[in-house]
Structure formats: C-alpha cells, structure tokens
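[1] The sequence and its predicted three-dimensional model are supplied below.
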Amino acid sequence: MTDPIIPIVPSTNELYDSLMSKIEPELVSSQVPLLEEKYKGETKDQRAKRAEKYKKAYKAFMKAFGLYMIDLNHKIGAYRKQAYASAEINNRSKEQERLTNLENTISSL
Amino acid sequence: MFIHKYTYTSVGNNEHEHRLIYDHGLNEMATSANHNEKEPNVDENPDPTSLESLGTAPDMGGIVQAELQERMQPQMDAARNRAEEAQEVTDEMLSHAEKGTEGDVEKTDFENHADKLSSQMSEGYEEFKDAQKRLSETTDPKEKVKIRGKMIAAIGEMISTLIEFIQRVFNGTLLDDPNEKEENADKKQGETPADSPQEGTSLASPEAAVQNDLEQAGAQSPEEMSKSLNKIEEDTQKNIEKNKEDIIERNETIDGLQEDRKTINTSLVEARDKLTNIKQEAGASQADIDSAEATIKRLEGQLQLVEQEITEQESIRDRLKEENDQLTKKAEAAKEMKENLDPAIEQLKKMIEMLKEALGAIGTSVKIGNFAPVIVVNSPNAQIQNIIGAKPDGNGNVELTTKDAEALKKEAEKTEEVSGESSPEDLRSKFLASAAEVIGIKAEQAGYHIDVIVIDGKIEMRLKEGGDSNELDKLMGYAQSREMKAERTADGEAITVDVGKEHVPAEGKESNGYFAKTSTQEFMDSFESRSDDSFSGNDLKSSDKNPADLAGEEDI
C-alpha cells in the first residue's frame, strides 16, 4: 500500500480568490480596493445594478464554497481512512522487523 | 460552541461590531452584522440576510470579503485539523515503531549501562501499563489501534532492553559508562560461541569461552548463573595451575635433554678428535677407524633424537603457556562477569518480572485482536531461556514472532489434525485458557474491575488500575464456595484461583460453572450460582464463543 497523500487545504484567502475569480473577478482580493476608484463616477442606478450583481456573486460564492467543502471533507475522510490503514500495516511490518531482529539477537547469544 | 466578538475598522472608517456564532465543524453558522451598535443581543436569531444586505452596498466589498472569510475560516480550520490529526496519529505510530531501531547514541546522566537499562526497562513497563490502562478505558477503535501499537512497541523495547542487559553481563560492559565509545564492547559482542571453536585452547574470545561453559552448565536462574561463573573461574584457575605444573615439568625435561645434548656434543667432539688422531697415527688399524666412526654415528643419532625431543617438549610447553594466557583471560572474564552479575541480579530480577507481566498480559489473554501479537520467546541458549523465563518449544527452535488470532487458531487446528490427539498438558492449557476467557467475560459483565489471565497453571484475577480490593475478597469467597483454592498474591493486587474443572450438567440442565478438581458431581449439580459470581459460566461457554468474534472485540 502506498502512503496516502494528505489533501491540501488552502488558506482562506487563497480559496476565496480561487472561487471568486470564476464567479466575479471584480471581487477578488486584489481588485476590491480598486473598486471605489474604478466606479467613482457611476450613477445611482448603475450603483444599484452593481450591488445586485455583487449580491448574486456572494450567493454563488457561498454555494461554491459549500460544494468545495463537501468535496474537501470527502477527500479528508478518505485520507484519514487510508492513513490509519496504511499506518497500521506499516506499524505491524516495522514491529515484525524489529521482533525478527530481536530473535536474531537472541539466537546469536 | 465558540463565540467570537470582534471589532474592526474597514472602508470609509465605518465601525462595525460583529458577533459571530458558530458550531465548530457542523457548518452551522449564523451571523449578524450590526452597524454602529455597540452591544447586539446574541440571543436573538441572527439575520441570515445580513450578508446580502452588505452585498447591496458595492463599496463595502472589503467588509463583505472579510465577512465571507470569517465564515469560511472555521470550516477550513476543522478540515485542516482533521487531516493533520490523521497525519499526526499515523506519524506517531510509525515513529514509535521505529524507535529503538536507529543507531543514535544518546547522552545520558547514568554512570553505567546497568542503571541506564534498568531505567529504560521501567520506562517501557510504565508505558505498557499506561497503555494497558488507556486501552481498557477507551471505546474509540482508532485510539485502540494506536494504543495497541504502543503496547507492542513497549514490549519490544522491554525485550530489547533485557537482551542488551544480558549481553552486557556476558561481555563485561554492564558497568561501563554509557557515554563512552564502545570499541571494546563492539569487538566483544561480535564474537559468539557459534563463531568459536569448541576446544578450550582455541576459543575466539575469553568471553565466548565463558559463555560456552555457561551453556554447558545449564544454569536455571541468575543466582545459578553466578555460581556457575564462580565455578568456571575456579575450574579455569585449576587448569591454569595444572598447566603451570606441566610447564614446569616440561621445562625440567627440556633442561635434562639440553644437558644430555651437551654431554652428547662433548662426547661427539671427543669421538671426532679420536678419529682424527687414529687416522694421523702410523699403522692405525681399519678396525679402530671403523669403531671410532661407529661411535660418532651413534652419538650423532642420539643428538638428533635429543634435539627432536627438545623441540617437541618446547612446542608443548609453549602451547601450554599460550593456553594459560587464554585461560587467565577467561578466568578474568568469568570474574568480571560475576562481579557485574552479582549487583545486577536484583535489577535483572525486577526487569524479568516486568517483562513476564507484560508478556503474560498479552500471551495468556483470551481476547486477541488482529493487531495483537503473541510473543513466544525461545532460545537454544539455555541461559537466555531461563533468564527470560521462556519455555522451549521442545524442538530447540527459536521463536519470537507476531501472529494474529486467526493464524494461531489455524495453526492449532493444523497441529491437532497432524497429531490426532493432545497431550494432558495441552488439554489443561486449553481448558485454563478457555476458563479464563469465560471468567473474564463474566467478571466484566458483573462489573468487576479485573483482568483474568493464566499464570503458572492457575488463573490469576488481577485488579485493574483503581479497582477495589473488596472485589478480590468477593471473588475469593465465590471461588472458595466452589471448593477451589484461592489465594492473594504477594503484592495483594490479585488472587490466584486453582480452577479444576467445569461442571458437566445433566441433559437439559445448565452448567454451574467452574469448581475444584475434587468437587463431586452431586455438589456441582446442586450448587446455586449467583449473578455476580464470575465462576458461574452458565451462559457463556468457550465452545460457544467464535474466535473471530473475539478478534473483532479489538481488546487485548
């Protein structure tokens, strides 16, 4: 059995940007501080539309995040199962090896 | 449940106080965002639309992002923790299994190996006991796997420590400083009787010679080993003395022979001179010449024989001297071993008891999980067998291995098939193992805090950590009421019960459990079992218990 690989859990910021970049690129971390300047001259209607767009984006984001977490937790569950099984096998193998060494030591006395 | 209360300043210097309530790991989050409110009511239902309301203000993207990330954080932390926890557990299991296999030399504060190894043994024993206690307390299967791994590692450590202790007794390094480089020990440990010729005069090392003699002596205990070492030293000294006498005699013989050689040489010179004179005399007869030449030849022959004898005697004498050098070293080695062993015997005894207890807890247990090994320690070396209390398998085989319950069962079945019948000893062992199993389960069901194991042909019921001594009194009373001999062990923490037989009931009736060997059928038939009598055995017989179920119980 090969050693299981621990699933990578990204930082909150990385995950936010990764998911949000596919939903609303304007809302990724690097872009948010620029929004005020970018939309300096927008009208009230335009602003309301943008707000609505962001609102949808946030909802979409939370949905994407939920799905991502389901997938991540599934991977971690599988990893834990495999890791325990693998460790048990390795542990038994190491114990066997060690006991065999002891046996050799005893028989050589 | 965590309650986070925090304040931060974001875009436009708007101050927001958020109260975030979440249940770690359950994905249940509720958030309320209250603008310019200093003390929001946490008991009120949080507003699930607060995020959306934030989203309606597009210039507050930074705040919303922070809010989102705050929501994400606990879930991701939980996920990360779960993954890391699995990694830590598995790493720990592996590092524990590998512990002791690495050749790193650790600096210690101990003055000698004896103290260091004794301390090491105690640590292993404590680890084992601690793990044993934790195993009895946990119900988490993963934790059980982890704990069992630690128990086995602790036993491995204890065996390894004991072996090193014994090795150091043999090679005379027990009282050496553990922090010093062990060039001498390496050399000594590398030599064993198996590598050495059996002749006393040509053994590879004095230690190996002593060890070889110890094997022949067949000491049954450390004390006997000490006596054997004494005897080896005495016998070796006797041999040295005998050799010395022999050397003296040989030297005297050589001296005599050398005198003879001198005499012969003188005679030979005279005979040769005589021959020269005869030949120079006018009118010397041929008979005189022949006679002188014959004398010379005879003397030369004698000289040659004497010289051969001198060479042979010198060779024997030198071999005896060489042998005595080795015997002197052997006597010193035996003396050193004994000097090391005597003060170490008490330490050794304690170590053996610790290991015996740990091995007994595993080897005689009837609840064998798939991960639990049965360790059988045998050695063709009689000293090792006796010192570690191992039982030989009758064929001189060495066995130190791990076997799971299923493999043991198959092996037992195979053996029975081949032999067709079991010896009385085997039957008795099986009966006791079966009885210990049933009594142990019954005791657990009845709420006793004891471990039931088989030791020296008797069933021992030992209090678990924190168990009440009154339980032992009660069990002893039940045992005695069944005519069985029951006694407290010397440490007072257990009782031994001489379980003789199991009641064979009349058809249609239940067994009344276990009794003394001498109990009559009438007594057993009429005996009334009580529910907290762990010897009653009436609702669980070993034959009813599926070994696979036992393995599945994941207990040792």
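    Here it is on my side, so go on.
[2] name the helices or strands packed onto the lengthiest helix in chain B?
    Across chain B, the longest stretch assigned as helix under DSSP state H is helix B:286-363. Secondary-structure packing of helix B:286-363 (3 or more CB pairs under 8 Å, 6 or more residues apart in numbering or on different chains; DSSP states H and E): helix B:113-137, helix B:141-171, helix B:206-217, helix B:222-280, strand B:450-455. In this view, the C-beta of every residue, glycine as well, is placed from N, C-alpha and C.
[3] of those, which approaches chain A most closely?
    helix B:141-171 (5.0 Å; CB to the nearest CB).
[4] Tell me which residues of the closest one come out buried.
    B:144-171 (16 or more other CB atoms under 10 Å in any protein chain shown).
[5] now stretch A:82-91
    For stretch A:82-91, a neighbour-count test (16+ other CB under 10 Å) marks A:Gln82, A:Ala83, A:Tyr84, A:Ser86, A:Ala87, A:Glu88, A:Asn90, A:Asn91 as buried.
[6] Do me a favour and average the pLDDT over it.
    In this model, stretch A:82-91 has an average pLDDT of 76.
[7] swap in stretch A:6-13?
    85.
[8] thinking again about what came up before, turn the helices and strands packed on helix B:286-363 into a markdown table, including mean pLDDT and distance to A:Val9.
    As requested, the helices and strands packed on helix B:286-363 are exported to a markdown table (pLDDT from 0 to 100; distance: least, CB to CB, whole Å):
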| stretch | mean pLDDT | distance to A:Val9 |
| --- | --- | --- |
| helix B:113-137 | 85 | 30 |
| helix B:141-171 | 73 | 21 |
| helix B:206-217 | 80 | 58 |
| helix B:222-280 | 90 | 57 |
| strand B:450-455 | 82 | 43 |
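[9] Nearest to B:Phe535 among those would be which one?
    strand B:450-455 (10.6 Å; CB to CB).
[10] orientation of the closest one relative to helix B:113-137 in degrees?
    Strand B:450-455 runs at 130 degrees relative to helix B:113-137, counting by axes from the mean of the first three to the mean of the last three CA atoms, to 10 degrees.
[11] quick one: contacts of strand B:450-455?
    For strand B:450-455, the external contacting residues (CB atoms under 8 Å, 6 or more residues apart in numbering or on different chains) are B:360-361, B:364-365, B:429, B:432-433, B:436-437, B:439-440, B:443, B:459-464, B:467, B:471-472, B:475, B:494, B:496.
[12] Restrict that strand to CA atoms and write it as CSV.
    C-alpha atoms of strand B:450-455 as CSV (Å, rounded to 0.1, in the frame of the first residue of the first chain):
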residue,chain,number,x,y,z
ILE,B,450,-10.1,-7.1,36.9
ASP,B,451,-8.0,-8.7,34.3
VAL,B,452,-8.2,-12.5,34.1
ILE,B,453,-5.0,-14.3,32.9
VAL,B,454,-3.4,-17.7,33.2
ILE,B,455,-0.1,-17.8,35.1
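[13] Quick check: what element follows that strand along the chain?
    Where DSSP states H and E defines the elements, the next helix or strand beyond strand B:450-455 is strand B:458-463.
[14] quick revisit: tilt between the longest helix of chain B and helix B:222-280?
    Going by the same axes, to 10 degrees, helix B:286-363 makes 170 degrees with helix B:222-280.
[15] in the stretch 1-150 of chain B, which ranges drop under the pLDDT threshold?
    Residue ranges of the stretch 1-150 of chain B with pLDDT under 70: B:1-61, B:90, B:92-109, B:141-142, B:145.
[16] All the helices of chain A, residue numbers only.
    Under DSSP H, chain A gives helices at A:12-23, A:32-38, A:44-108.
[17] want to try CSV for the ones you listed, with distance to B:Ala344 as columns?
    Formatted as CSV, the helices of chain A follow (distance: least, CB to CB, whole Å):
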stretch, distance to B:Ala344
helix A:12-23, 60
helix A:32-38, 74
helix A:44-108, 19
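[18] Which one of those helices lies nearest to B:Gln258?
    helix A:44-108 (49.1 Å).
[19] elements contacting that closest one?
    With contacts taken as 3+ CB pairs under 8 Å, 6+ apart, helix A:44-108 sits against helix A:12-23, helix B:50-55, helix B:61-98, helix B:141-171.
[20] can you list those in CSV and add distance to B:Pro343?
    CSV is the format used below for these (distance: least, CB to CB, whole Å):
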stretch, distance to B:Pro343
helix A:12-23, 63
helix B:50-55, 76
helix B:61-98, 32
helix B:141-171, 11
